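Visitor: Need a 3D model of the following:
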Amino acid sequence: MSLTRRRILSLGAATAAATAVSLPASTAVLARAPTCPLGTDAEAFLHAVEAGDLGEVRRWLRIDATLASARDPQGRSAFVIAHLAGRTAVAQELRACIEPDVVEAVLAEDWARFGLLAKADPELCTTAHPIGGTPLYAGALAGSRDLSRLRAAGCKPDLAPTSGSGLTPARAAMSCRTISGARCAATDLLGNGADPNAAQRGADSVLHGAVRHRSELLVRLAIRKGADPAARDRDGRTPQDLAGHLEWDAGVRLLAQHASLPRDHRASRWLFDAKRQPIVRPDLSAVPQSKQNEVTGSSHTKLDRVRELVAADPRLVFSVSTDDELAIEACAHTGNRPIIRFHLEHGAPLSLPTAVALGDHDTIRFLLDRDPLLIHERGAHDFPVMWYVALGGGGVETAELLHRYGVAPDQESLGITALHWCARNDERELAAWLIVKEADVEALGCKWDHDGQTPLQLARTGEHREIAAMLEKAGARR
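Guide: Next up is the predicted model:
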């Protein structure tokens, strides 16, 4: 039996409230002893699902195939429970036995099914599911890499329906079972418009969630994205207090020096146009989000379509997508200079990342002389400034200029540095410069692989032998 929106709503707020209590308590987001009103068989079956006992799951399904639709008291299906427990083999077994609801489709990465359900009933994207929140919340909790699909379908980055857990998707990301999944989901959300300080009903903050994971990496990420170190949980504890309560000494030390940790500084995003005149943003409130998404999406590579759209309405040059991506930011991170120039000719902002993608040294100097903290500027999707040298083809001269102003050669997002991009795209000259500047030749990035990849692995995969040889000579062994 699939879980329709009508059935979800019928479960009521009390059912979802049980999820709200359990989620912040630990990163193991399951009730430890799931039970089911269907009877003792269902209870035993769900125990086997959570334990990952594939043989026992199969035995129960042979006895009663309808157990595949069993749900715990919170309304979570066996399939959802298997995913949250990291029981991949069990989840695959159950997938063949069910017709996925909208959240199960997200967990199964069945995007065709998700798209059909979301289109048929758009309210599913803003309704609390028994998992504790919206489909975006579910994707974050599972550490999904495809959260942009959910935002494009209408899921809101900071929505926490009152009938659910009361936690935002970014807070759910911090409760992901694995640190790599939490990092991917949190970076995606916080790098695409989610508020790190959005209120969590009756629960602790995104930064508290990072502390509960006992992860310095997640704490640094949350603080870099602007999380408040002074926020208090329902027991009145700051994140540092919570670290002490959990006897996590490394976390206590890290949070004690939070003022020295870098913060993103996106101050040039809406500052000046190419003539260094202040940006005056037009009112696009009446422009459908789908139209703004089309302009931004086309701005990655489709100049002719961008021209058509902007000719019909010049204001569209200021379009912002559901990923909080400005149209000119789309072509900046793809290094598409003709589209960048088109947008600039029509009054779009010339931010530091865009100037780097263009190799515009005069603007780089102007902006960094005006505001030295712009070395911590981020473009769309959490892309750091140094990436744009590799992505935009600015070359060694641009990298050297940024470095003189204090931009670190190892600026990263998801652990990926400019050296990863060089290894992936066979940018030999820039790779050699980064190595000379002592960029970490064994940095582990998880943008394309949850298990992580080093520059050497990317160079070998792409058969870029010269870069691989440079990396090995510099000491890379993995």
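Visitor: could you pull out the strands for this structure?
Guide: Assigned by DSSP state E, the strands in the chain number zero.
Visitor: Run a quick neighbour tally on the closest residue to Trp433 other than its chain neighbours.
Guide: Spatial nearest neighbour of Trp433, chain neighbours left out: Val396 (4.7 Å); criterion: CB to CB, 6 or more residues apart in numbering. Where you see a C-beta, it was placed from the backbone N, CA and C, and this is true even at glycine. By other CB atoms under 10 Å, 17 other residues sit near Val396.
Visitor: how long is stretch 221-233 end to end?
Guide: 19 Å (CA to CA, to the nearest Å).
Visitor: Buried residues, that stretch. List them.
Guide: Within stretch 221-233, the residues that count as buried by 16 or more other CB atoms under 10 Å are Leu221, Ala222, Ile223, Arg224, Lys225, Gly226, Ala227, Asp228, Pro229, Ala231, Asp233.
Visitor: how is this structure carved up into domains?
Guide: 5-165, 289-473 (automatic domain parsing).
Visitor: Pipe the ones you listed into CSV and attach distance to Gln200 and mean pLDDT per row.
Guide: Formatted as CSV, these follow (distance: least, CB to CB, whole Å; pLDDT from 0 to 100):
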stretch, distance to Gln200, mean pLDDT
domain 5-165, 7, 82
domain 289-473, 21, 96
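Visitor: Looking at these, which is nearest to Leu255?
Guide: domain 5-165 (18.0 Å; CB to CB).
Visitor: neighbours around the closest residue to Arg424 other than its chain neighbours, how many?
Guide: In space, and not counting its chain neighbours, Arg424 is closest to Leu458: 4.7 Å by CB to CB, 6+ apart. Look at Leu458: counted by other CB under 10 Å, it has 24 neighbours.
Visitor: is it true that Leu458 touches His420?
Guide: Yes: the pair Leu458 / His420 is scored as a contact, 6.0 Å apart, by CB atoms under 8 Å.
Visitor: Can you give me the distance of Thr134 to Ala476?
Guide: Look at Thr134 and Ala476: by CB to CB, to the nearest Å, they are 42 Å apart.
Visitor: of the two, who's got more company?
Guide: Between Thr134 and Ala476, counting by other CB under 10 Å, Thr134 is the more crowded of the two (29 against 21).
Visitor: which residue sits closest to the more buried one in space, ignoring its chain neighbours?
Guide: Cys155 (5.4 Å).
Visitor: Distance of the one you found relative to Glu123?
Guide: 11 Å.
Visitor: and Ala408, what does it touch?
Guide: The neighbours of Ala408, taking CB atoms under 8 Å, 6 or more residues apart in numbering as the test, are Met386.
Visitor: Offset the numbering so it begins at 205, please.
Guide: Let's use 205 as the start, then, which means that last one is Ala612.
Visitor: Please name the nearest non-neighbouring residue to the spatially most central residue of the chain.
Guide: Geometric centre of the chain, nearest residue: Asp392, 1.4 Å, by CA atoms, centre = their mean. Excluding the flanking residues, the one nearest Asp392 by CB to CB, 6+ apart is Leu351, at 4.8 Å.
Visitor: Relative to Ser367, which of the buried residues of stretch 425-437 is nearest.
Guide: Among the buried residues of stretch 425-437, Asp437 lies closest to Ser367 (CB to CB), at 22.3 Å.
Visitor: pLDDT wise, what is that closest one at?
Guide: pLDDT, Asp437: 93.
Visitor: I figured it hits Gly413, correct?
Guide: No: in this structure, Asp437 is not within contact of Gly413 by CB under 8 Å, at 10.0 Å.
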